[in-house]
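Let's see this in three dimensions:
(chains A and B)
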Amino acid sequence: MPLEVQLAKRLPEYTLDVAFTAGDEPLAILGPSGAGKTMLLRCVAGLEHPDRGSIALGGRVLLDTERHVHVAARDRRVGLLFQHYALFPHRTVAENIAFGLRSLSDEERERRVQSHMERAHIAVLGNRYPRQLSGGEQQRAALARALSIEPDALLLDEPLSALDTHLRAQMEALLQETFAAYRRPALLVTHNVEEAYRLGREMLVLSRGRVAAFGPREEVLRRPPSLEVARLTGCKNFSRARMVEGGFVEALDWGCRLRASQSLSRPPAHVGIRAHHIDFAESADAASRPEANVFPCWLSRSSETPFRVTLFLHLHRPPGETGEFHLQAEVFKEKWERFRDRPFPWHVRLAPELLFLLPE
Amino acid sequence: MYQTMAMFLGTPLDWSPLRISLATSVTATAITLVAGVAAAAWRERRRGPAMALVDGILVLPLVLPPTVVGFLLLLIFGRNGLLGRMLLRLGTTVVFSWPATVIAAAVVSFPLMYLTARAALEQVDTRYLEAARTLGGSEWRVFLEIALPLSWPGVLAGTILTFARALGEFGATLMLAGDIPGRTETIPIAIYFAVEAGDLHSASILCLLDVVISLVLLGGLYRWVQAPGSRRSQWMGR
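Below you'll find the predicted structure:
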């Protein structure tokens, strides 16, 4: 039951203009705040009128501006989980979930409410009012409510952003369970690349209303089609680049020539590598071979997280007083412990297969 | 003081103004509640320059002196008025009858209900309404089950204001319904004519009654709304 979306809507600062198809696997929509993610969901849910476009869900036409079809939100059978839950404050959890089940008989409704509460692990909270619940419980209740109508598609607007780390992991597990059982198009909006990767099989990167990248999540992360997508997916190391003789790429900001295994139909404007892909060579020998992409470097500064450390590296010569750096490398602490006391220069290796080239 | 009280209690009094006033105010409030909320809900979904005119017309009875409202109502409901003629054809008339007191009170108090209901409906978070729509709720259900309950405090405040205004209505009522003891003579009108006739005794009792009714009703309403353990107090967090 694919969800086919193709729409345009003028917004104050840009035009939302997207086209994509979501299958039965969850699709993560990644983008910075203000990229139009929520607006896109609202258009699919029928809460906003696109200027033009069409939306079809498993053969049902929900929108077709050319033929003046605009199915009302209440008839779309699209479940929407609002960012701040939007549970009806004057109704208990059970009554919230029952709202969409009016056409059922009393027993059947009761049964459905109970089963949805159980699936969301909130069976004991049925008689509580939303304000008597924690944020995580409200989120679960809102998910149960969205699923109660057994929608043909599920839209989730930043489902994890308001939760703390522990609750986020729990909610993520619940979403994984839901997706596994649900098998219908699910769009999940987030600004967090890790969340997008963990929850979505496919990934769509939205930037100022446009689709900047769309494809299987591995593909989008491994070969970002543009500098923008590379940045939005968390890449931190970039240099302006140009092709030079011998098939080398000259990284202008890093002051070095690189071998890259990726080939590009258009000339590259930038070269990039992810922080955790930067490796360290055990010896300086490799640096003599140009195709090895090994360069001497000095540590400018470092920043620790519980299990990893970010190293800010300066290439070719020691950094000045101002803490300038060329590359950010992220390594596990165990590894860092092994070479932190070695004398400078260290040697970074920018593996050719992990470098990506970005066209203008 | 004691003597005055004894005098009050010892004298027979015509209770009809109390009965008429209560019947009029309750009926007018009920009508205004439905009409005001309906108008507010209708108006809330519309935009455009024409709406400013609509607002102006709906709020006009609040701004105009009650005698002017009464006069306009007389023109509408009189023998040559649009509605008056229609009613005549049906063999009836409302001028100088009890329904006239209700019409006058309802028209004059309508803007209060309309304005407070609109403010109350506007402050309801639209996400609740949208959530209800995505769950398949018809516009009617969204309004009755979500918008109205969530704007209830404001609507209730409007109801109280409406009732108070209806209870105190004088000018328009006198113009349209006149002063017919036992039929259209409400408390304010009875007080006015009692004072005019020099019957300060009746006037004082009626004034006292008015104060007591108002206090009892308002106090009762607030208690009811805020009753501890009620469903409402739970979700409101009281």
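
all contacts plus neighbour counts: C-alpha atoms, from now on.
Noted.

pretty sure B:N80 is in a strand, no?
No - secondary structure of B:N80 (DSSP: H, G, I helix; E, B strand; the rest coil): coil, not part of a strand.

Can you give me every residue that contacts it?
Taking CA atoms under 8 Å, 6 or more residues apart in numbering or on different chains, we find B:N80 in contact with no residue.

what residues are up against A:L221?
A:L221 neighbours (CA under 8 Å, 6+ apart): A:A230, A:T233.

Give me the secondary structure label for it.
helix.

Quick one: name the residues of chain A near chain B.
A:45-47, A:73-80, A:82, A:86-91, A:99-100, A:129-131, A:146, A:149 (CA under 8 Å from any CA of the partner chain).

Just the buried subset of the residues you listed, written out for PyMOL, thanks.
Command for PyMOL, covering only those of the residues of chain A next to chain B found buried under the criterion 16 or more other CA atoms under 10 Å in any protein chain shown:
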select buried, chain A and resi 45+46+47+73+74+75+76+77+78+79+80+82+86+87+88+89+90+91+99+100+129+130+131+146+149
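
Just the closest residue of the stretch 251-360 of chain A to chain B, please.
Using CA to the nearest CA, A:T305 is the residue of the stretch 251-360 of chain A that sits closest to chain B, at 38.3 Å.

tally of neighbours for that residue?
Neighbour count for A:T305, taken as other CA atoms under 10 Å in any protein chain shown: 9.

likewise the one 4 residues further on?
For A:V309, the count of nearby residues is 18 (other CA under 10 Å).

where does the residue of chain B found nearest chain A fall, helix, sheet strand or coil?
When scored by CA to the nearest CA, chain B has B:G136 as its residue closest to chain A, at 3.8 Å. With three-state DSSP as the basis, B:G136 sits in coil.

Ok, A:L188 next?
Under three-state DSSP, the three-state class of A:L188 is strand.

Report the beta-bridge partners for it.
Beta-bridge partners of A:L188, counted by DSSP bridges, are A:A28, A:L156.

Average pLDDT for the strand or helix carrying A:G215, rounded please.
Assigned by DSSP states H and E, A:G215 falls within strand A:210-216. The average pLDDT for strand A:210-216 rounds to 93.

All the helices of the stretch 51-200 of chain A, residue numbers only.
Along the stretch 51-200 of chain A, the stretches classed as helices by DSSP state H, counting those that start in this stretch are A:93-98, A:106-119, A:135-148, A:165-182, A:193-199.

So which of the ones you listed is nearest B:V37?
helix A:93-98 (24.5 Å; CA to CA).

And that closest one, what does it pack against?
Applying 3 or more CA pairs under 8 Å, 6 or more residues apart in numbering or on different chains; DSSP states H and E, one finds that helix A:93-98 contacts helix A:106-119, helix A:135-148.

Pick out the residue of the stretch 51-200 of chain A closest to chain B.
Closest approach of the stretch 51-200 of chain A to chain B (CA to the nearest CA) occurs at A:R74, with a separation of 3.8 Å.

how about the nearest residue to that residue once chain neighbours are set aside, phi and psi?
Take A:R74 and drop its neighbours on the chain: the residue closest to it by CA to CA, 6 or more residues apart in numbering or on different chains is B:G136, 3.8 Å away. Backbone torsions for B:G136, taken as degrees, to the nearest 10, come to phi 90, psi 10.

my read: B:G136 touches A:A73, true?
Yes - with contact defined as CA atoms under 8 Å, B:G136 reaches A:A73; the gap is 7.3 Å.
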